[in-house]
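A.B. asks: compute the structure for the input listed below.
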Amino acid sequence: MATTRRSARLSAAAAAAAVPNSPADPPPPPPAPAPRGRKRKAAAAAPPPPPDASSKQGDVNGSLGEEAKEAKTAPATPKRRRAAARKPAADPPPATPTPSNVLLMGEPVEAHEAQTQTQTPKPKPAAVRKLADPNATNATLLSPGSSRVVARNVSPSKAQATTLSILEEACNHLIRVDERMKPLIAKHHCRVFSPEGLSETVDPFESLCSGIISQQVSGAAAKAIKQRFVDLFNDDDDDGDNGGRFPRPAQVSACAIERLRTAGLSQRKAEYVQGLAEKFASGELSAQLLADAPYEEVLEKLIAVRGLGRWSVEMFACFGLKRMDVFSLGDLGVQRGMAAFVGRDVAKLKGKGGKWKYMSENEMREIAERFAPYRSVFMWYMWRVEETDISTLE
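C.D. replies: Predicted structure coming up:
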């Protein structure tokens with residue numbers, strides 16, 4: 001009996017050895033779990049191991065190579081995160097110069113040169129008493145291309161003020177028209193029409209060129225371009241050296257456009273400046289004409305020059321010729337200031353489309369007419385309304 005059982009066990013063992021993949025064989029080991037996250041992509045992209053991976057040295061080198069490849073193939077920062085990290089683009093230049101930029105029209109190049117260097121600025125001219133008229137040119141003009149000073153002929157019988165008193169009279173007039181002007185006048189001193197400002201000598205050619213240079217650029221850029229423009233005609237190797245002064249119209253009109261552009265001027269601005277120089281060089285425009293002509297004639301003569309629109313001429317008449325009854329309807333800063341002055345919420349109106357989003361042209365004209373003959377002074381203060389709290393007088 002025992003012999004029969006033993007023979008059966010031996011027969012079963014021999015049969016099992018003869019059959020491959022028997023259920024008695026142990027199952028193959030399960031595959032390694034796939035890595036999660038970013039390592040999954042790196043592992044999937046990794047190439048198969050080298051042929052000599054069976055050796056110990058090959059195993060070490062292969063593992064190091066795989067780690068290096070994983071580091072190189074790591075995914076980059078998503079584009080959205082990079083876009084968010086970028087610095088915001090700079091705002092485009094203003095369509096018209098800011099009030100501080102406009103003052104470049106009345107700032108001679110010598111003063112600008114002193115401010116940009118380490119030397120001490122030259123002292124401002126002392127106040128000089130002379131007759132003044134709000135409806136005429138009050139600036140002392142310098143004839144371009146010479147050192148001759150041009151003064152307007154004023155009849156003593158028609159003059160009612162002097163350069164020492166006319167700003168005070170203008171401010172008193174603005175307050176009489178509207179009491180809300182009082183805190184504005186108390187906080188801001190209008191130096192343009194002060195006795196010192198009216199004593200400055202202005203070169204009309206330089207002033208108008210500065211207005212063209214200032215178009216569509218910031219104040220800092222305008223000053224830098226103007227100085228480079230002046231340096232073109234003050235090279236030590238140039239026979240026409242001006243000793244640091246602004247170039248004469250004859251020099252500019254004879255200069256090639258390509259050279260003018262090296263100062264930073266665009267093609268059109270270089271053409272505008274050269275065309276203006278030709279007008280002065282030929283005598284079609286002169287300091288005497290600008291000093292004596294009525295305002296409407298000044299507008300007509302200068303608007304006919306390429307590159308000088310109505311707004312540029314109005315700013316020149318105000319800051320260059322020191323005419324005190326100029327008002328610009330096309331200045332967005334003045335429009336915004338007037339809207340705030342009458343109590344409107346300019347923050348809400350900012351998103352409104354159109355040129356007259358803060359106040360209509362007719363309304364601006366009607367309000368400004370009340371301040372004649374000192375609308376230039378009124379306009380100057382409208383640029384500064386939002387810097388002063390006038391709500392206490394409303």
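A.B. asks: make it CA atoms for all contacts and neighbour counts henceforth
C.D. replies: Will do.
A.B. asks: end to end, how far does stretch 173-191 reach?
C.D. replies: Using CA to CA, to the nearest Å, the end-to-end distance of stretch 173-191 comes to 17 Å.
A.B. asks: so for it, what gets flagged as buried?
C.D. replies: Buried residues in stretch 173-191, counted by 16 or more other CA atoms under 10 Å: His173, Leu174, Ile175, Arg180, Met181, Lys182, Pro183, Leu184, Ile185.
A.B. asks: could you dump those into a markdown table with pLDDT and secondary structure added?
C.D. replies: Output for the buried residues of stretch 173-191, formatted as a markdown table (pLDDT from 0 to 100; DSSP: H, G, I helix; E, B strand; the rest coil):
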| residue | pLDDT | secondary structure |
| --- | --- | --- |
| His173 | 98 | helix |
| Leu174 | 98 | helix |
| Ile175 | 98 | helix |
| Arg180 | 95 | coil |
| Met181 | 97 | helix |
| Lys182 | 96 | helix |
| Pro183 | 94 | helix |
| Leu184 | 95 | helix |
| Ile185 | 96 | helix |
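A.B. asks: could those residues go into JSON lines alongside distance to Arg152?
C.D. replies: Shown next, in JSON lines, are these (distance: CA to CA, whole Å):
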{"residue": "His173", "distance to Arg152": "25"}
{"residue": "Leu174", "distance to Arg152": "26"}
{"residue": "Ile175", "distance to Arg152": "29"}
{"residue": "Arg180", "distance to Arg152": "35"}
{"residue": "Met181", "distance to Arg152": "31"}
{"residue": "Lys182", "distance to Arg152": "32"}
{"residue": "Pro183", "distance to Arg152": "34"}
{"residue": "Leu184", "distance to Arg152": "31"}
{"residue": "Ile185", "distance to Arg152": "29"}
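A.B. asks: closest one to Val385 out of those, please.
C.D. replies: Ranked by distance to Val385 (CA to CA), the buried residues of stretch 173-191 are led by Leu184 at 6.9 Å.
A.B. asks: and that closest one, how far is that from Phe371?
C.D. replies: Counting by CA to CA - Leu184 and Phe371 are separated by 15 Å.
A.B. asks: then Arg245?
C.D. replies: In terms of CA to CA, Arg245 sits 38 Å off from Phe371.
A.B. asks: between those two, which is the more surrounded one?
C.D. replies: Phe371 (21 against 16; other CA atoms under 10 Å).
A.B. asks: mind checking pLDDT for that one?
C.D. replies: Phe371 is assigned 98 on the pLDDT scale.
A.B. asks: residues contacting Pro204?
C.D. replies: Applying CA atoms under 8 Å, 6 or more residues apart in numbering, we find Pro204 in contact with Leu141, Leu142, Ser143, Pro144, Ala287, Gly320, Leu321.
A.B. asks: is it true that the second one touches Arg148?
C.D. replies: In other words, Leu142. Yes: between Leu142 and Arg148 there is a contact under CA atoms under 8 Å: 5.9 Å.
A.B. asks: have a look at these two and say which one is more surrounded.
C.D. replies: Regarding Leu142 and Arg148, a neighbour count based on other CA under 10 Å identifies Leu142 as having more, with 21 against 11.
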